[in-house]
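Visitor: Predicted model and sequence follow; I will ask about them next.
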2 protein chains.
Amino acid sequence: MTELLFIGLGLYNELDLTTKALQELKTCKHIFAEFYTSTLNDFNQNAFEHQIGHPIHILTREDTEKGTKILTTANKAKTALLVGGDPMMATTHIDLRIRAITQGITTKIIHNASIITAAPGLLGLQNYKFGRTTTLTYPEKDYFPMSPYEVINDNKNLGLHTLILLDIQADKNRYMTANEGITLLETMEKHHHKNIITPETLACVVARAGSPHPLAIADTIEHLQQRTYGPPLHTLIFPGNLHFMELEALQICADLPPQIALKLQKL
Amino acid sequence: MTELLFIGLGLYNELDLTTKALQELKTCKHIFAEFYTSTLNDFNQNAFEHQIGHPIHILTREDTEKGTKILTTANKAKTALLVGGDPMMATTHIDLRIRAITQGITTKIIHNASIITAAPGLLGLQNYKFGRTTTLTYPEKDYFPMSPYEVINDNKNLGLHTLILLDIQADKNRYMTANEGITLLETMEKHHHKNIITPETLACVVARAGSPHPLAIADTIEHLQQRTYGPPLHTLIFPGNLHFMELEALQICADLPPQIALKLQKL
């Protein structure tokens, strides 16, 4: 029986693989990896191949989207596709899994950590108070999607927090920084004037989640833009209504200045 | 320097621990685990202690909530608290982390897979189309919270999917089943009449995510209630608007009957 495994890599490096993933990988004939839909904070191919004991074939963006190479291989022998975070977050993988099953290939998902729960955890924000997640992409010539701004607005109206994933353009070695993300949202504010992105707005930056020294910072946008956050990956979080324990957590776990916390407490 | 690690156990058994977690656990003097806020599908203490090479002290619910035992230990030597899924999902852990940092204890989070991303992944539903997550708890004599019903309604109005976590009462060995969850929601429907839980409503059940044979089923509530889903843990998902690829995924990955899919396509 032919088999295709979607294996989650987690957040940071080769040490984030689970024992189950390592066991499964030992019995795979072919191992692919793709870093276009998601990536790791610190990917080192040699370290991975050493950890797995098997060469990895890194797919181009085109290969990943087409999927033909993966499916042809999986039709012949047990094959794994390594994906950053928890797999099946991207449409590409859902599509690939549908096509695999339709071709009679057994599929299996080996889960792993995702930024979706890691970022709230590092900040001490409660997961069930998050609304819809959104993604900020680098604007193209004729394409400047406003949806992230609208998602923050919708969530805020419901009192909910918003997690914002930032663009990954692995082929251009371009990873959107928290500062770039905030600047884009400020541009959207200038078009929409809903007053949800102001210098006084509270926001949070999480950088390098899953690394030995992740950064979690909460402050006003004005203050956040006065500093930088080091190497990628970065994530933005716009809090909605804060429970008193969340407000305490932002002070203790994310360096929210006491005077800002005091102001928020009075709201 | 004293240190407290919050280590995520992932979803199923001891094989879900990451290499990083295993390395960190080797240098811990004390290892606690709690299964009140979350649990594993298949927890076996012996298998865990064998995998870790160190005895585990399982905390009672009271010990977990008080946290004194953990903090006293962490104040003396490197200590780990093992938690199902990705840690820091429960208020208890956020509170514990705040208190640890306040006492001068360094804290660290080792992330792992969570049902929050695993369940959508198994069904082939897109993560960014989920609204707020909610939890169904067993009703108490004078306490029958309606919030899950309202969350489904709010999300549906925005076209979004809802993930519903089901009650875990580890001390009573009681784990809410998908059938019990649906019955509770039907009771809420009788009180609120918003027509969001009807026999024709589409819903999904995910059982034993992360196990070798997870179940992912999509069907009408009427059909879903005609069958059972085996041992815990179960999760419910109420889809909002479905993208055509999501509808295809529910058919291919979650056995949605073609005649139901056809009806949904026409909506």
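Guide: Yes, it's here. Residues are numbered from 1 along each chain as shown, chains lettered A, B, ... in the order given.

Visitor: any idea how chain A splits into domains?
Guide: For chain A, the structural domains run A:3-110, A:115-266, going by automatic domain parsing.

Visitor: closest to B:Ile52 out of these?
Guide: Of all those, it is domain A:3-110 that lies closest to B:Ile52, at 10.9 Å by Cβ to Cβ. C-beta here means a position set from N, CA and C on the backbone, and glycine is covered the same way.

Visitor: chain center to the closest one, what's the gap?
Guide: 17 Å (Cα atoms, centre = their mean, to the nearest Å).

Visitor: Over to stretch A:114-123?
Guide: Centre-to-centre, stretch A:114-123 and its host chain are 9 Å apart (Cα atoms, centre = their mean).

Visitor: any residue of it up close to chain B?
Guide: Yes: contact between stretch A:114-123 and chain B, assessed by Cβ under 8 Å from any Cβ of the partner chain, occurs at A:Ser114, A:Ile116, A:Thr117, A:Ala118, A:Pro120, A:Gly121, A:Leu122.

Visitor: So for that stretch, what gets flagged as buried?
Guide: The neighbour-count check on stretch A:114-123 (16 or more other Cβ atoms under 10 Å in any protein chain shown) flags A:Ser114, A:Ile115, A:Ile116, A:Thr117, A:Ala118, A:Ala119, A:Pro120, A:Gly121, A:Leu122, A:Leu123 as buried.

Visitor: what's the answer for stretch A:250-262, then?
Guide: Applying 16+ other Cβ under 10 Å to stretch A:250-262 flags A:Leu250, A:Gln251, A:Ile252, A:Cys253, A:Ala254, A:Leu256, A:Ile260, A:Ala261 as buried.

Visitor: How far away from the center of its chain is that stretch?
Guide: On Cα atoms, centre = their mean, the centre of stretch A:250-262 falls 24 Å from the chain's centre.

Visitor: wait, what's in contact with the most centrally placed residue in chain A?
Guide: Residue closest to the average C-alpha location in chain A (Cα atoms, centre = their mean): A:Ile115, at 4.6 Å. Counting by Cβ atoms under 8 Å, 6 or more residues apart in numbering or on different chains, A:Ile115 touches A:Leu11, A:Gly85, A:Leu163, A:Leu165, A:Val206, A:Ala209, A:Leu233, A:Thr235.

Visitor: out of those residues, which one sits closest to chain B?
Guide: A:Leu11 (6.1 Å; Cβ to the nearest Cβ).

Visitor: B:Ala113 is in contact with that closest one, correct?
Guide: No: checked against Cβ atoms under 8 Å, the pair A:Leu11 and B:Ala113 is beyond contact range at 11.2 Å.

Visitor: can I get the domains of chain A in a markdown table with distance to B:Lys69?
Guide: Conversion of these to a markdown table gives the following (distance: least, Cβ to Cβ, whole Å):
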| stretch | distance to B:Lys69 |
| --- | --- |
| domain A:3-110 | 28 |
| domain A:115-266 | 21 |
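
Visitor: Export those domains as JSON lines, with columns for mean pLDDT.
Guide: Below are these laid out as JSON lines (pLDDT from 0 to 100):
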{"stretch": "domain A:3-110", "mean pLDDT": "94"}
{"stretch": "domain A:115-266", "mean pLDDT": "95"}
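
Visitor: and B:Thr228, which of those domains is closest to it?
Guide: domain A:3-110 (23.2 Å).

Visitor: at contact distance from chain B, anything in that closest one?
Guide: Yes: judged by Cβ under 8 Å from any Cβ, domain A:3-110 and chain B are in contact via A:8, A:10-12, A:14-20, A:22-23, A:51, A:85-89, A:91, A:94-95, A:97-98, A:101-102, A:109.

Visitor: which residues in the stretch 51-200 of chain A form helices?
Guide: For the stretch 51-200 of chain A, applying DSSP state H, counting those that start in this stretch gives helices covering A:61-66, A:68-74, A:91-102, A:115-123, A:147-157, A:178-192.

Visitor: is chain B contacted by the last one?
Guide: What it means is helix A:178-192. No: Helix A:178-192 does not reach chain B (Cβ under 8 Å from any Cβ); its nearest approach is 15.8 Å.

Visitor: Just list the residues touching A:Asp154, thanks.
Guide: Residues counted as contacts of A:Asp154 (Cβ under 8 Å, 6+ apart) are A:Gly131, A:Arg132, B:Leu158.

Visitor: nearest residue to the last one other than its sequence neighbours?
Guide: Nearest residue to B:Leu158 in three dimensions, chain neighbours excluded: B:Gly131, at 6.0 Å (Cβ to Cβ, 6 or more residues apart in numbering or on different chains).

Visitor: Pretty sure A:Pro55 is one of the things A:Gln45 touches, is it not?
Guide: No: under the criterion of Cβ under 8 Å, A:Gln45 is not in contact with A:Pro55, lying 9.1 Å apart.

Visitor: Can you report how many residues neighbour A:Thr187?
Guide: Close neighbours of A:Thr187, defined as other Cβ atoms under 10 Å in any protein chain shown, add up to 15.

Visitor: From A:Asn195, how far out is it?
Guide: As for A:Thr187, its distance to A:Asn195 is 15 Å (criterion: Cβ to Cβ, to the nearest Å).

Visitor: hmm, stretch A:196-204 in reach of chain B?
Guide: No: using Cβ under 8 Å from any Cβ, stretch A:196-204 stays clear of chain B, with a minimum separation of 14.3 Å.

Visitor: Can you list the buried residues in that stretch?
Guide: For stretch A:196-204, the buried set under the neighbour-count rule, 16+ other Cβ under 10 Å, comprises A:Ile196, A:Ile197, A:Thr201, A:Leu202, A:Ala203, A:Cys204.

Visitor: What is the distance between stretch A:217-234 and the centre of its chain?
Guide: Distance, stretch centre to chain centre, for stretch A:217-234: 17 Å (Cα atoms, centre = their mean).

Visitor: What's the end-to-end length of it?
Guide: End-to-end distance for stretch A:217-234: 11 Å, by Cα to Cα, to the nearest Å.

Visitor: Can you report how many residues neighbour A:Ile70?
Guide: Residues lying near A:Ile70 (other Cβ under 10 Å) number 24.

Visitor: Check A:Asn179 too.
Guide: Around A:Asn179 there are 17 residues (other Cβ under 10 Å).

Visitor: And for the one 5 residues further on?
Guide: A total of 23 residues lie near A:Leu184 under the criterion other Cβ under 10 Å.

Visitor: What of A:Gly104?
Guide: Neighbour tally, A:Gly104, other Cβ under 10 Å: 9.

Visitor: Contacts only, for it.
Guide: By Cβ under 8 Å, 6+ apart, A:Gly104 lies in contact with A:Thr2.

Visitor: Torsion angles phi and psi at it?
Guide: Reported as degrees, to the nearest 10, the phi and psi values for A:Gly104 are phi 90, psi 10.

Visitor: And for A:Glu3?
Guide: Dihedral angles (degrees, to the nearest 10) for A:Glu3: phi -140, psi 140.

Visitor: So what's the residue count around it?
Guide: Around A:Glu3 there are 18 residues (other Cβ under 10 Å).

Visitor: these two touch, right, it and A:Lys108?
Guide: Yes: judged on Cβ under 8 Å, A:Glu3 makes contact with A:Lys108 at a distance of 6.7 Å.

Visitor: How about the stretch 151-267 of chain A: which residue is closest to chain B?
Guide: For the stretch 151-267 of chain A, Cβ to the nearest Cβ, closest residue to chain B: A:Ile252, 4.9 Å.

Visitor: what helix or strand does that residue sit in?
Guide: If you go by DSSP states H and E, A:Ile252 is part of helix A:244-254.

Visitor: which residues are in contact with the helix or strand following that helix?
Guide: Going down the chain from helix A:244-254, the next helix or strand is helix A:258-266, by DSSP H and E. Helix A:258-266 is contacted from outside by A:Leu202, A:Asp219, A:Thr220, A:Leu242, A:Phe244, A:Leu247, A:Leu250, A:Gln251, using Cβ under 8 Å, 6+ apart.
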